[in-house]
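J.: only geometry, no sequence info:
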């Protein structure tokens, strides 16, 4: 296994900005997944809010090894920088045949930051099958601001995804994405370990920007999803352009002139004098 951090590319970052998540299948090796089952069943002690990630988990602990995996460390650095802090973590256990599910919700209560975001790392140590109640999420929902369970009355949205994955999968979510844990109808418990991380540096060009000019970046940022309304769904692309401008430090970036035209505010000062 490589020991070098694997930073995201610009195309991968653009896909995150559009979809609101990054999925890495089977990125955690089998021996760690086997160890994780006992570790998560026993619980992981909480850490104080704002603890630097590098100090939050002791050397040799499972959580320390998880966030240190090259692909995981590289993705986190690309999204929230090299020294994020831990907001909180939690071990979620869905019991067999428990008969309940979370409502659709976003974790970003009253969080209206347009120029920064937290991420939530979700790790699945075992294979998640359809009947185990994998996490449901709604791609492209993260920039449509809601207040926690405002979306809870919605049962199903076109294009939503219900996670099924191999053991060792890590999903990193934008804090605002609509999601919920589904009911576990299987005969075994389902485990998921979550860490929410806060950036401590401006989230500007933290990834590998060698492909920043790749046309695939704009293609990714232009993606639409089945639940979008024909008209107001376009606002999601507008909001992605604004976020991409922040992430790249490029205030001129645009897609189909959408942001440029509505931020155009001519003033008398730049009209010049008329004789």
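T.: Okay, I see it. The structure presented is a predicted model; accordingly, all values stated were derived computationally and were not measured. Numbers count the residues shown, from 1 in each chain.
J.: Walk me through which strands the helix or strand hosting residue 194 pairs with, and which way each runs.
T.: Element membership for residue 194, per DSSP states H and E: strand 190-198. The strands that strand 190-198 pairs with in its sheet are strand 85-94 (antiparallel), strand 119-124 (antiparallel) (by DSSP bridges).
J.: do you know which of these lies nearest residue 101?
T.: strand 85-94 (8.8 Å; C-beta to C-beta). All C-beta atoms are positioned from the backbone trio N, CA, C, and that covers glycine.
J.: And that closest one, what's buried?
T.: The neighbour-count check on strand 85-94 (16 or more other C-beta atoms under 10 Å) flags 85-87, 89, 91, 93-94 as buried.
J.: Which one of these is nearest to residue 184?
T.: Scanning these for proximity to residue 184, where the rule is C-beta to C-beta, the winner is residue 94, at 3.9 Å.
J.: separation between that closest one and residue 137?
T.: Separation of residue 94 from residue 137 (C-beta to C-beta, to the nearest Å) stands at 15 Å.
J.: picking up where we left off before, include mean pLDDT and distance to residue 22 when you put the strands paired with strand 190-198 into CSV, please.
T.: Output for the strands paired with strand 190-198, formatted as CSV (pLDDT from 0 to 100; distance: least, C-beta to C-beta, whole Å):
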stretch, mean pLDDT, distance to residue 22
strand 85-94, 95, 18
strand 119-124, 97, 9
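J.: pLDDT weak spots in this structure?
T.: Applying pLDDT under 70 to the chain flags the ranges 1-4, 108-109, 268-275.
J.: report the longest helix in it, please.
T.: helix 234-248 (DSSP state H).
J.: Point out the other helices and strands that it packs with.
T.: Under the contact criterion of 3 or more C-beta pairs under 8 Å, 6 or more residues apart in numbering; DSSP states H and E, helix 234-248 touches helix 10-19, helix 215-221, helix 258-262.
J.: what angle sits between that helix and helix 10-19?
T.: 140 degrees (axes from the mean of the first three to the mean of the last three C-alpha atoms, to 10 degrees).
J.: In TSV, list the strands paired with strand 190-198 along with distance to residue 267.
T.: Below are the strands paired with strand 190-198 laid out as TSV (distance: least, C-beta to C-beta, whole Å):
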stretch	distance to residue 267
strand 85-94	42
strand 119-124	39
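J.: Looking at those strands, which is nearest to residue 47?
T.: strand 85-94 (5.5 Å).
J.: outside of that closest one, which residues touch it?
T.: 40-41, 43-44, 46-47, 49-53, 56, 63, 118, 132-133, 181-184, 189-198, 200 (C-beta atoms under 8 Å, 6 or more residues apart in numbering).
J.: Next, report how far that strand is displaced from the centre of its chain.
T.: Remark: strand 85-94 is offset 15 Å from the chain centroid, using C-alpha atoms, centre = their mean, to the nearest Å.
J.: Which parts of the protein are helices?
T.: Remark: helices assigned in the chain by DSSP H are 10-19, 30-42, 53-56, 62-68, 70-80, 215-221, 234-248, 258-262.
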